[in-house]
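Asks: Following is a predicted model, sequence given first.
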Amino acid sequence: MKRRPIADHRTEVAAHVAGLARTETIPVTSGLDRVTSRIVRAPYTLPLFDNSAMDGFAVRAADVTVGQPLPVRGRIFAGDAKSRTLQGGTAMAIMTGAPLPRRADAVIPVEQSDEADGAVRFQHRPEPGAFVRRAGDDVAVGDLVVAAGTRLGPRHLGALAASGVPTIEAHRRPTVAVISTGSELIRPGQKPEPGQIFESNSLVLQSLSAKHGAQVTFVAAARDDGDFETILTAACIDADLVLTSGGVSMGEREPVRQLLGDHGWFGPIAMQPGGPQGLATWKDTPVCCFPGNPVSILVSFEVLLRDALRAVTGLPPVEPSTAPLARKVASAPGKTQFLRGVRNPDGTVSPVGGPGSHLAITAAAADLLIEIETDATELAAGTEVTTWPLT
Ligand code: AMP
Ligand code: MG
């Protein structure tokens, strides 16, 4: 059977999940890591009013002579609502963030003053504007607060809250269900009986999905001999997208391919690891079917689904880079190889671990994928190769 080129399959995957893109209104308080779908502009001028940057005394700079006392006529605290006016030749005690009284033009910090018997003396003469935060210093009404397409971090949330914005428009995080298949699989913590292995793929798919903008709402494990259909149907009711692991190759018990073969496309793609792939629709829900080897799962997600999922969640694609190979690499022709690799201090990249798709633990030492083109059979040391960060 002819292998489907990776680029073609990637396009099919993108088309399969494109319908998940939506936007929604959310409270800023749940905005961490969400991606804005619309620009946010300032609804207010900020600061909202002239106020003091220090605890000290509000004065008119021209009234101050070093060492000469000014009578203190009142005290203004943060949150005081009453509008106050400074009389000529007097000072008012003022706290940080309190509204500057009318006709005052400077604040002298308490550290540079001596207050006694209802009057205050100053050690310096202030410049007009000293320690005054002017209304509008930060933003004017309509100025940009956060651009569309921003993944909101703490600083953006702070800016939104400080602007008085309660809700934003964000890309919706599609819900994802993850189903691992295999009668040999047990959970970490269980004792392996003969023939059993620890299930790891669902955790990889869950964490990659969450990292790239989705919310995982359903995780289950199916045996190869019976319950996959029931579990898949439940997953489709729960989630916008279902990811399955295992059961897509040419064996005699391949529950995913056997159930979904007539509901989509299954076949080999020109990629190693991760050759056998499937895409199907079940109960109107898109299902991406990955092969079960742990390294295949990682590579399948990163190469085929990652950027498509990021696109529907408003995130930009992950950019590749290039680097020279540290040593000669041999490759099987006819498939694009994705070797697990590391970047060396001199900027070259080296494969790590063996080529086997079952080598989950050695693959964890890698921080990037090295892409070896379809037709290459041997690449000399120093050859520039495309590398992809492992996210
Ligand atoms: P399959 O694609 O179902 O033929 O599985 C390929 C290989 O990956 C087999 O050796 C499985 O035991 C292993 N495998 C399948 N699913 C998982 C999983 N969820 N976690 C770890 N290994 C798995
Ligand atoms: Mg299996």
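Replies: All right, it came through fine. Ligands and ions are numbered 1, 2, ... in the order given.
Asks: Parallel or antiparallel, list what pairs with the host helix or strand of residue 268.
Replies: Following DSSP states H and E, one finds residue 268 within strand 264-268. In the sheet, strand 264-268 lines up against strand 276-282 (antiparallel) (DSSP bridges).
Asks: on that earlier part again, any buried residues in the strand holding residue 268, and which?
Replies: Neighbour counts using 16 or more other Cβ atoms under 10 Å place 264, 266-268 of strand 264-268 among the buried residues. (C-beta placed from N, C-alpha, C; glycine too.)
Asks: Same question for stretch 78-88.
Replies: By neighbour count on 16+ other Cβ under 10 Å, the buried set for stretch 78-88 is 80, 84, 86.
Asks: can you check stretch 194-212 too?
Replies: Those would be 199-202, 204-206, 208-209, 212, for stretch 194-212 by 16+ other Cβ under 10 Å.
Asks: For those, work out which two are farthest apart.
Replies: Greatest spatial distance among the buried residues of stretch 194-212 (Cβ to Cβ): 199 and 212, at 21.6 Å.
Asks: so how far is ligand 2 from residue 290?
Replies: When distance is defined by Cβ to the ion, to the nearest Å, residue 290 is 11 Å away from ligand 2.
Asks: Apologies, that question was intended for residue 336.
Replies: Relative to ligand 2, and taking Cβ to the ion, residue 336 is found at 24 Å.
Asks: What is the burial count for the residue nearest to residue 312 when sequence neighbours are not counted?
Replies: Spatial nearest neighbour of residue 312, excluding adjacent residues (Cβ to Cβ, 6 or more residues apart in numbering): residue 21 at 4.2 Å. Around residue 21 there are 14 other residues, counting by other Cβ atoms under 10 Å.
Asks: for residue 21, what are its contacts?
Replies: 171-172, 311-313 (Cβ atoms under 8 Å, 6 or more residues apart in numbering).
Asks: pLDDT wise, what is residue 364 at?
Replies: Note on residue 364: pLDDT of 89.
Asks: That one: how many residues sit nearby?
Replies: Here the number of neighbours of residue 364 (other Cβ under 10 Å) works out to 14.
Asks: quick one on the thing from earlier: and the residue nearest to residue 312, how close does it get to residue 300?
Replies: 22 Å (Cβ to Cβ, to the nearest Å).
Asks: Identify each buried residue in the one helix or strand in the chain whose mean pLDDT sits lowest, please.
Replies: Least confident helix or strand, the chain: helix 360-363 with a mean of 83, by mean pLDDT, DSSP states H and E. Within helix 360-363, the residues scored as buried using 16+ other Cβ under 10 Å are 360, 363.
Asks: Need the residues that contact the helix or strand following that helix.
Replies: Per DSSP H and E, the first helix or strand lying C-terminal to helix 360-363 is strand 368-372. With Cβ under 8 Å, 6+ apart as the test, strand 368-372 has contacts from 299, 302-303, 320, 325, 329, 331, 336-343, 349, 351, 379, 385-390.
Asks: please redo it, this time with the cut-off set to 7 Å
Replies: The contact list for strand 368-372 (Cβ atoms under 7 Å, 6 or more residues apart in numbering) reads 299, 302, 329, 331, 336-341, 343, 349, 351, 379, 385-390.
Asks: Partner strands of that strand, with direction?
Replies: Strand 368-372 has these strand partners (DSSP bridges): strand 336-343 (antiparallel), strand 384-389 (antiparallel).
Asks: Give me whichever of those strands is most buried.
Replies: Of all the strands paired with strand 368-372, strand 336-343 has the most neighbours on average by mean count of other Cβ atoms under 10 Å, namely a mean of 22.
Asks: Please give the centre-to-centre distance between that one and its chain.
Replies: 24 Å (Cα atoms, centre = their mean, to the nearest Å).
Asks: repeat for stretch 340-350
Replies: For stretch 340-350 - counting by Cα atoms, centre = their mean - the centre lies 26 Å from the chain centre.
Asks: Please save the CA atoms from that stretch in PDB.
Replies: Output of stretch 340-350 as PDB, limited to C-alpha atoms (Å, rounded to 0.1, in the frame of the first residue of the first chain):
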ATOM      1  CA  ARG A 340      14.900  12.100  19.100                       C
ATOM      2  CA  GLY A 341      17.800  14.400  19.600                       C
ATOM      3  CA  VAL A 342      19.600  17.000  21.800                       C
ATOM      4  CA  ARG A 343      21.300  20.200  21.000                       C
ATOM      5  CA  ASN A 344      25.000  20.200  21.900                       C
ATOM      6  CA  PRO A 345      26.800  23.200  23.400                       C
ATOM      7  CA  ASP A 346      28.500  23.800  20.000                       C
ATOM      8  CA  GLY A 347      25.100  24.200  18.300                       C
ATOM      9  CA  THR A 348      25.200  20.800  16.600                       C
ATOM     10  CA  VAL A 349      22.400  18.200  17.200                       C
ATOM     11  CA  SER A 350      22.800  14.500  18.000                       C
END
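Asks: Averaged pLDDT, that stretch. What do you get?
Replies: Rounded mean pLDDT across stretch 340-350 is 97.
Asks: same thing with stretch 254-268?
Replies: Rounded mean pLDDT across stretch 254-268 is 98.
Asks: can you list the residues that contact that stretch?
Replies: 1, 3-4, 181, 222, 224, 228-229, 244, 247-248, 275-276, 278-282, 287, 289.
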